[in-house]
Structures are given as C-alpha cells and as structure tokens.
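Undergrad: Okay, predicted coordinates and the sequence, questions at the end:
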Amino acid sequence: MSRSALLAPTCTSLLLALALTACGGGGEAEHGSPGAPGVGDPYFPEAGNGGYDVTHYDLDLAHDADTDHLTGTATISARATQDLSAFDLDLEGLDVDGVTVDGQGARWSRAGQELTVRPRDGLDEGETFRVTVRYSGTPETITDPDGSEEGWLRTADGALALGEPTGSMAWFPGNHHPSDKASYEVTVSVPKGLRAVSNGELVSERSAGGRTAFTWRTAEPMASHVATVAVGDYDIRRSTTPDGLPVYVAVDPSLAGASRKVLSGIPGIIEWAADTFGPYPFSSTGAIVDRDGDAGYALETQNRPVFPGVPDTGLLVHELAHQWYGNSVTPKTWRDMWLNEGFATYAEWLWQEEHGGDSAQETFDALYDHGERTYEDLWSFPPAKPTSAAHLSDSPVYQRGAMVLHKVRQAVGDGTFRALLRGWAAAHRHGNADTADFTAYVEKLAPGKDFDGIWADWLYGNGKPAHV
C-alpha cells in the first residue's frame with residue numbers, strides 16, 4: 001500500500017496512539033463517512049464507487065508508442081452525494097504520483113483497483129469538487145471473465161483502449177460503472193507522425209518538439225466503458241451526413257482501400273437509423289478500423305465504434321444502433337446488457353427486412369426452429385438473467401434479446417412498435433434504464449395488452465419457450 005507524502009503526522013507515543021481522537025486530528029470528529037468502494041453491481045460489485053457523481057473528466061495523456069509508457073493527469077469534476085470523509089476511484093495498475101482535491105494535497109492509498117482519496121477537510125453533501133490525479137506507467141491489458149481482452153491493448157503502431165465492461169480503469173482513474181455518465185475532454189500527446197483518436201469532436205491539433213497533441217471533446221454524457229483512445233498511423237477521412245452531422249473515420253492504412261465502400265455507407269445508415277429510432281443522440285459519428293487481431297471484437301465506443309478489421313454492413317448497423325441503445329440509453333447495471341445487445345441485434349433484423357433480406361419474422365422463425373445449430377447456448381439462460389459475468393456477451397443476450405423485442409412487436413403491431421423504438425430512446429436519452437423500466441414502458445404504451453407470457457417465457461424464463 002502506497003501513500004502520498006501528505007500523510008498525517010505519526011503519533012510518537014503508545015498513549016497517543018490509543019487516544020480516542022484520530023492521529024493528528026486535533027480532537028475534532030471526522031467529517032462525514034467514506035463513500036462505498038463499489039456500487040454493488042450484480043456482476044461487478046467492486047466497479048464504480050459511492051458517495052459522489054462525476055460530471056466531467058479532463059484527461060491529459062502522453063503516450064510513447066515504442067515503450068507503451070503512459071503519463072497522465074486526470075482532473076475529475078464531481079458532486080458529493082453524501083458528507084464524505086473519503087472516496088474511491090477505480091484504477092487498475094499504473095503508479096500514482098500525486099493527488100489533490102480542489103488544489104489541496106490529499107492523502108491517498110491503494111488496494112487492488114481501489115484508489116482511496118481522503119480530502120484534507122472532507123466534503124459536504126451537494127458540494128462540487130475537483131480531484132486531480134497524476135499517474136504514469138505501462139497500462140495493463142485486462143482479461144474479462146469471458147476470456148476476452150480489454151483495457152489497454154498494444155498494437156503494431158500504437159495502442160487501443162477498450163473499456164467494456166471494466167477496462168477503462170486501466171488507463172484513467174474514475175467512477176467506472178455505466179450508472180455514472182459524464183462529459184469528457186481528452187488530450188493525447190503522441191510522437192509526431194502518429195495520430196490519437198478519441199470520442200467526440202477533434203477541437204485542436206498542436207505539434208511541438210517532435211510530438212503532436214490531439215484534443216477531443218465529448219459534450220454529451222458518456223459511460224466510461226465506451227470511452228476510447230486509439231493511437232496509430234491512421235488514414236483519416238472526414239465528411240458529413242446529408243443533415244450536416246460530422247463523420248470522422250480513422251482506418252489503418254493497410255485496410256484503407258478494402259474498407260472504403262462499407263464505411264461510405266455510414267451516412268446512409270445514420271439517416272435510416274434516425275428515421276427508425278429517432279434523432280441521432282450525439283454531435284458526430286464515424287468509426288475506427290484497426291488491423292485484424294488488434295482486438296478480438298468490435299465495440300460501440302461512443303461516436304465512433306471500433307472494428308478489428310473491415311466490418312460488414314450488418315456489423316456496422318449493429319454498432320451504430322448502439323449509439324441510441326447502449327450509449328445514449330445506458331443500462332443501470334450489467335444485468336441489463338440485453339437492452340444494449342437485443343436492440344442492436346434487432347436493428348440488424350430491421351435493416352435486412354428493409355433492404356432486400358429476410359424479414360424479421362423469418363429471422364425469428366429460423367432461430368426458434370433451429371437456432372441452436374448456430375448458437376449452441378441459445379436456450380441456456382434468459383436474456384434478463386445471465387448466469388454470471390462470464391456470459392454477459394453470450395447469444396441469449398443478443399439473439400434471445402432480439403427475440404423478446406420481436407414478440408413485443410407481434411403483440412402491439414408494427415405502428416406501435418415503431419413508436420416504442422423511438423419513444424424508448426427518447427424517454428431515457430442520455431440516461432440510464434433497466435429491464436423493469438422497459439417492461440413498464442411497454443405496458444404503458446400498449447394498455448390493455450397482456451405481456452405476462454412474453455416476460456415469463458421469453459425475457460425471464462429458462463429454456464426454449466414451448467409456444468411461439
């Protein structure tokens with residue numbers, strides 16, 4: 001356990017050590033109580049922290065691509081939700097070089113992923129404050145419970161940061177749970193010739209002393225697991241949608257030609273999705289395409305999803321649909337993952353239906369009749385009750401999640417279902433929601449309809465439902 005140089009003075013006698021007052025506390029009672037070291041997520045109970053709400057992250061990073069060394073200063077603006085004597089930040093690995101709260105040196109300690117900060121004077125409930133953490137080191141790659149890798153991934157020409165579900169704590173300290181969303185400004189300094197791409201909009205690019213600093217700003221609320229930084233030698237393409245939405249695409253040069261056609265479809269997909277799901281919730285869009293093998297999966301990082309290799313149109317539709325369902329409407333806990341993946345998967349079904357492919361009904365029927373041939377685990381658990389953190393990305397969450405939505409569509413009819421898609425995205429725009437919120441919304445939208453069988457058999461029920 002390490003501490004800063006601003007530890008309380010050491011008591012010099014056993015009598016003082018046994019005194020009722022805190023060591024070095026001057027006899028005054030401690031202000032408030034420590035915030036919880038986790039939010040009690042059903043699958044990641046240590047993720048996130050209690051006692052405060054983050055409003056903004058200002059990250060100033062410098063990366064050395066040759067050594068993969070990262071130096072960072074994170075300035076976190078937050079509001080106390082209780083009287084706080086101490087609070088935790090999530091940070092995995094890396095070395096902490098100093099911590100201040102509102103400009104004053106603060107005591108701190110480390111235990112696993114918890115960086116505990118003790119402000120000099122404590123914080124009152126409702127008080128806004130700024131904590132600044134200086135840190136450095138080689139960021140870690142984190143292995144998920146399902147065996148996939150996230151956090152900080154080293155690539156052939158730089159690095160790629162992916163955060164779902166907990167990997168963002170590998171490259172910056174914060175309140176790393178989807179229930180606490182914030183705005184961001186991320187500045188990344190890299191050796192000249194490389195580029196640093198992040199979320200939001202590029203607001204400045206400055207070169208000096210053989211390095212270039214890129215500053216990206218995300219004004220809309222963002223959960224930390226969809227924050228990203230990609231460092232590399234990218235081919236950059238800028239354009240706009242017909243409605244004037246900026247499109248920023250960063251592609252590994254080796255894939256520039258092969259990806260051009262599919263990525264040129266982004267404006268059309270966004271236009272279709274906005275017509276289907278409601279107004280696009282963010283101020284820019286795009287994509288990051290790295291080499292095959294740089295990551296083991298695509299991820300819906302906010303504004304510009306990440307793809308390992310050239311995506312096909314279906315995958316592009318899926319990840320862009322997440323900008324509505326998952327990024328704007330974000331789950332309250334990881335148990336509600338199907339609200340991300342079920343909606344994004346159903347978006348693929350709708351795209352196929354409206355662009356000359358199978359209808360959603362045909363896709364549903366094929367899955368019900370023989371889907372276990374493709375997805376062996378399809379009926380192994382219900383979408384709303386994954387058996388453990390290792391199964392959050394399994395096919396019941398994706399395919400059966402989409403099947404739940406299709407059953408709702410059958411029950412309410414196409415017109416009401418279209419209203420549901422848009423209304424759900426609008427009702428929780430830039431917020432958080434859980435499965436209970438969804439079922440209540442559906443029942444309110446279609447009063448008089450009986451959804452008990454859908455919820456019991458398709459959303460929460462074990463095994464393959466007996467009746468379609």
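TA: Perfect, thanks for sending it. Numbering: from 1, shown residues only.
Undergrad: any idea how far stretch 81-99 is from the chain center?
TA: In terms of Cα atoms, centre = their mean, to the nearest Å, the centre of stretch 81-99 is found 20 Å from the chain centre.
Undergrad: Now it: average pLDDT?
TA: For stretch 81-99, mean pLDDT rounds to 98.
Undergrad: looking at this structure, which helix or strand does the model trust least?
TA: Every helix and strand in the chain was compared by mean pLDDT, DSSP states H and E; the lowest is helix 14-17, with a mean of 32.
Undergrad: Moving C-terminal from that helix, which element do we reach first?
TA: strand 33-34 (DSSP states H and E).
Undergrad: partner strands of that following strand, parallel or antiparallel?
TA: Take DSSP bridges as the rule and strand 33-34 pairs in its sheet with strand 84-90 (parallel).
Undergrad: who touches the strand it pairs with?
TA: 30-37, 46-49, 51-52, 76, 80, 113-119, 122-123, 125, 131, 133, 166, 169, 173-176 (Cβ atoms under 8 Å, 6 or more residues apart in numbering). C-beta: built from backbone N, CA, C; applies to glycine.
Undergrad: again, only using 7 Å
TA: 30-35, 37, 47, 49, 51-52, 113-118, 122-123, 133, 169, 173-176 (Cβ atoms under 7 Å, 6 or more residues apart in numbering).
Undergrad: just the buried members of those?
TA: 32, 34-35, 37, 47, 49, 51-52, 113-118, 122-123, 133, 169, 173-176 (16 or more other Cβ atoms under 10 Å).
Undergrad: What's the local residue count around the closest residue to A347 other than its chain neighbours?
TA: Leaving aside its chain neighbours, A347 sits nearest to A321 (3.5 Å; criterion: Cβ to Cβ, 6 or more residues apart in numbering). Number of residues near A321 (other Cβ atoms under 10 Å) recorded here: 26.
Undergrad: With the one 3 residues further on instead?
TA: Other residues lying near W324 total 27 when counted by other Cβ under 10 Å.
Undergrad: Equivalent analysis for the one 4 residues further on, please.
TA: Neighbourhood size, S328 [other Cβ under 10 Å]: 24.
Undergrad: Could I get the contacting residues of it?
TA: 281, 425, 429-430.
Undergrad: Would you mind measuring from the residue lying closest to it once chain neighbours are set aside to F417?
TA: What sits nearest to S328 in space, not counting adjacent residues and going by Cβ to Cβ, 6+ apart, is P281, at 3.8 Å. Separation of P281 from F417 (Cβ to Cβ, to the nearest Å): 20 Å.
Undergrad: For the residue nearest to S328, grab phi and psi.
TA: The phi and psi values for P281, taken as degrees, to the nearest 10, are phi -80, psi 0.
Undergrad: mind listing what it touches?
TA: If you count contacts by Cβ under 7 Å, 6+ apart, then P281 has 220, 323-324, 328, 429-430 around it.
Undergrad: and which of the residues you listed is nearest to A411?
TA: Checking the contacts of P281 against A411 with Cβ to Cβ, the nearest one is W324 at 21.9 Å.
Undergrad: doesn't A402 make contact with W338?
TA: No: with contacts counted by Cβ atoms under 7 Å, W338 stays clear of A402, the gap being 9.0 Å.
Undergrad: Run through the residues that contact W349.
TA: So, once contact is read as Cβ under 7 Å, 6+ apart, W349 ends up touching 360, 363, 402.
Undergrad: Leaving aside the residues adjacent along the chain, what's closest to the first one?
TA: Closest residue to A360 in three dimensions, ignoring its sequence neighbours and counting by Cβ to Cβ, 6+ apart: W349, at 4.3 Å.
Undergrad: Could you grab the helix/strand/coil label for that neighbour?
TA: Assigned with DSSP: H, G, I helix; E, B strand; the rest coil, W349 falls in the helix class.
Undergrad: Report the separation between it and G232.
TA: For W349, the distance to G232 - Cβ to Cβ - is 34 Å.
Undergrad: Same check on L61?
TA: L61 is 15 Å from G232, by Cβ to Cβ.
Undergrad: One more: L445?
TA: 45 Å.
Undergrad: isn't L61 right next to Y184, touching?
TA: No: counting by Cβ under 7 Å, L61 sits too far from Y184 to count as a contact (12.0 Å).
Undergrad: all helices of the stretch 151-300 of the chain, in order?
TA: Assigned by DSSP state H, counting those that start in this stretch, the helices in the stretch 151-300 of the chain fall at 256-263, 266-277.
Undergrad: Including mean pLDDT, could the ones you listed go into TSV?
TA: Shown next, in TSV, are these (pLDDT from 0 to 100):
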stretch	mean pLDDT
helix 256-263	98
helix 266-277	98
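Undergrad: Burial-wise, tell me which of these comes out on top.
TA: helix 266-277 (a mean of 18; mean count of other Cβ atoms under 10 Å).
Undergrad: which helices and strands does that one pack with?
TA: strand 285-290, helix 313-321, helix 414-427 (3 or more Cβ pairs under 7 Å, 6 or more residues apart in numbering; DSSP states H and E).
Undergrad: So what angle separates the directions of the longest one and helix 266-277?
TA: Computed with axes from the mean of the first three to the mean of the last three Cα atoms, to 10 degrees, the direction of helix 414-427 lies at 110 degrees from that of helix 266-277.
Undergrad: in helix 414-427, what's buried?
TA: 416-418, 420-425.
Undergrad: cool, the second one as well?
TA: Neighbour-count burial for helix 313-321, counted by 16+ other Cβ under 10 Å, picks out 313, 315-321.
Undergrad: now what about the helix or strand following it, what contacts it?
TA: The element immediately downstream of helix 313-321 (helix or strand, assigned by DSSP H and E) is strand 329-331. Applying Cβ under 7 Å, 6+ apart, the contact partners of strand 329-331 are 178, 181, 223, 337, 339-340, 424-425, 428-429, 431-434.
Undergrad: can you check stretch 108-121 too?
TA: So stretch 108-121 is in contact with 1-4, 31, 37, 46, 85-92, 96, 99, 101, 104, 106-107, 131, 169, 173, going by Cβ under 7 Å, 6+ apart.
Undergrad: Quick check: end-to-end length of it?
TA: One end of stretch 108-121 sits 14 Å from the other (Cα to Cα, to the nearest Å).
Undergrad: quick one: average confidence on it?
TA: 97.
Undergrad: same thing with stretch 154-161?
TA: 96.
Undergrad: What of stretch 334-351?
TA: Stretch 334-351 shows an average pLDDT of 98 in the prediction.
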